[in-house]
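# Next one to model:
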Amino acid sequence: MNKDVGKMRAKRRDRLQIAAEILEIAKDGAFKTQILYKANLSLVQLNEYLSLLLEINLLEAIARDGRKVYKITTKGLQYLQSYEEITGLLKGELGTG
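Numbers count the residues shown, from 1 in each chain. Modelled structure (predicted):
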């Protein structure tokens, strides 16, 4: 396998990781464009994730000066904490093997 292809695969993010990144960005509130660029997503991808995260109440949309601000919810904070614990455990597990 080509080394560059292997590196690209290693850098691919899964859905849980992307959701965690969006929630992290939205901790203090963020506009859609801020999330778009910081999470490095296409507009289509971002819209899908925002819809999902809003639907399952990990994120909320608040109107501020006629614009939507996305902010993490308490449930979203719990998700982030759990995600970080699990990834920490996995990194420890993988590092000891």
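# average pLDDT for the longest helix along the chain?
In the chain, taking DSSP state H as the definition, the longest helix is helix 74-96. Rounded to a whole number, the mean pLDDT of helix 74-96 is 87.
# Could you do stretch 35-53 as well?
Stretch 35-53 carries an average pLDDT of 98.
# Just the C-alphas of stretch 57-64, formatted as CSV.
Taking C-alpha atoms only, stretch 57-64 is exported to CSV below (Å, rounded to 0.1, in the frame of the first residue of the first chain):
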residue,chain,number,x,y,z
ASN,A,57,-30.4,17.4,21.9
LEU,A,58,-26.6,17.5,22.1
LEU,A,59,-26.7,20.9,20.5
GLU,A,60,-29.1,23.8,20.6
ALA,A,61,-29.6,26.7,18.2
ILE,A,62,-30.1,30.1,19.8
ALA,A,63,-31.1,33.3,17.9
ARG,A,64,-28.6,36.1,18.5
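# Show me what counts as buried in that stretch.
Of the residues in stretch 57-64, those buried by neighbour count under the rule 16 or more other Cβ atoms under 10 Å are 58-60. For every residue, glycine as well, the C-beta is placed using N, CA and C.
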